[in-house]
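Using only what follows, build the 3D model:
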Amino acid sequence: MVLDALGLALDPDQGLASEARLLSARHEGETAEAIIAAALDLYAGRIALVSSFGADSAVLLAMVADIDRSLPIIFLDTGKLFPATLAYRDALVEALGLTGVVTHGPDANDQADVDPAGALWMTDTDACCEIRKVRPLAVALSPYAAWISGRKRYQAETRVNLPLFEATGGQIKVNPLLGWDRARIDAYREARHLPPHPLVALGYPSIGCLPCTDKVKPGEDERAGRWRGKAKTECGIHLSQPSGTVIPGI
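Numbering: from 1, shown residues only. Okay, the predicted model is just below:
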């Protein structure tokens, strides 16, 4: 592992952060495709892509398919997704020839204990995201040293300072599209003839779970429809945590 090679393993968190800074500097200015290829080479057999199969997902998925169609792709089915998202996932998997897609969902015991009626989103969106996204993703990512994210700086104020490589939860997270904007994403998708998510044309530029995703008005932030009316802006899976962090019970 790069961390060991740099002799930084005495403090895992500090060492991983140094690794992320080094990789960000080394690959600054490279194309998204080159960054993905470098990450897959560096963490061969120990890296996965996490995809929501949402509004912009086709771009990153197409880039990965060009390099390795068998790369593990983690998809979280929260049990609250739009049916259109599930159909879109199936369509993209077939169109791109992806063979490594694995679906993970919430633990049955968590649902029985915390959300037996399936209505937790109405009273506590953080707790709902915890059992339907955060915990399942932590389990799904546990075998990997690194993972690839599709986040972009322009999407929201919470993402404007994204680094190319970041250390979080004892793993390296790669953000190859961080500098892309809406025009560039659309241009790439159109050039590659990638199908759009069907909900985008209906006013949903950012798509999460059905109960907590609203249409976005012209001029609003693309993620303004997520958890409309609440201070919440992230589901929790992209909130940095030090290595060895134990997700508390609810």
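
Can you show me the helices along this structure?
2-5, 12-27, 32-42, 57-67, 83-96, 108-114, 125-129, 135-141, 182-191 (DSSP state H).

distance between the fifth one and the chain's centre?
Centre-to-centre, helix 83-96 and its host chain are 17 Å apart (CA atoms, centre = their mean, to the nearest Å).

pLDDT averaged over that helix, what's the number?
For helix 83-96, the mean per-residue pLDDT is 98.

Contacts for it, please.
With CB atoms under 8 Å, 6 or more residues apart in numbering as the test, helix 83-96 has contacts from 52-54, 57-58, 61-62, 65, 69, 75, 77, 98, 101, 194-195, 197-199, 207. Glycine gets a C-beta too; all of them are placed from N, C-alpha and C.

can you check the third one too?
Contact partners of helix 32-42, identified using CB under 8 Å, 6+ apart, comprise 2, 23, 27, 30, 47, 60, 63-64, 66-68, 71, 146, 148, 164, 174, 176-177, 180.

next one: it to chain centre, how far?
17 Å.

Looking at that helix now, give me its mean pLDDT.
On average, helix 32-42 scores 97.

sorry, back to before: columns distance to Thr168 and mean neighbour count on top of the helices of the chain, output as JSON lines?
JSON lines is the format used below for the helices of the chain (distance: least, CB to CB, whole Å; neighbours: other CB atoms under 10 Å):
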{"stretch": "helix 2-5", "distance to Thr168": "14", "mean neighbour count": "14"}
{"stretch": "helix 12-27", "distance to Thr168": "9", "mean neighbour count": "17"}
{"stretch": "helix 32-42", "distance to Thr168": "15", "mean neighbour count": "18"}
{"stretch": "helix 57-67", "distance to Thr168": "18", "mean neighbour count": "21"}
{"stretch": "helix 83-96", "distance to Thr168": "25", "mean neighbour count": "17"}
{"stretch": "helix 108-114", "distance to Thr168": "22", "mean neighbour count": "13"}
{"stretch": "helix 125-129", "distance to Thr168": "17", "mean neighbour count": "19"}
{"stretch": "helix 135-141", "distance to Thr168": "10", "mean neighbour count": "18"}
{"stretch": "helix 182-191", "distance to Thr168": "24", "mean neighbour count": "14"}
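
Where does pLDDT dip in the protein?
1-12, 155-159, 233-234, 236-250 (pLDDT under 70).

Check the gap between Val59 and Ile185 for me.
Val59 is 6 Å from Ile185, where distance means CB to CB, to the nearest Å.

Same question for Leu61.
12 Å.

do the same with His197
For His197, the distance to Ile185 - CB to CB - is 12 Å.

cool, Cys209 as well?
Taking CB to CB, one finds Cys209 at 22 Å from Ile185.

and Leu177, what does it touch?
Here Leu177 is in contact with Ala32, Asp56, Val59, Leu60, Gly150, Arg151, Lys152, Ile185 (CB under 8 Å, 6+ apart).

how about the residues you listed in CSV, adding distance to Cys128?
Shown next, in CSV, are the contacts of Leu177 (distance: CB to CB, whole Å):
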residue, distance to Cys128
Ala32, 32
Asp56, 23
Val59, 28
Leu60, 26
Gly150, 22
Arg151, 21
Lys152, 25
Ile185, 29
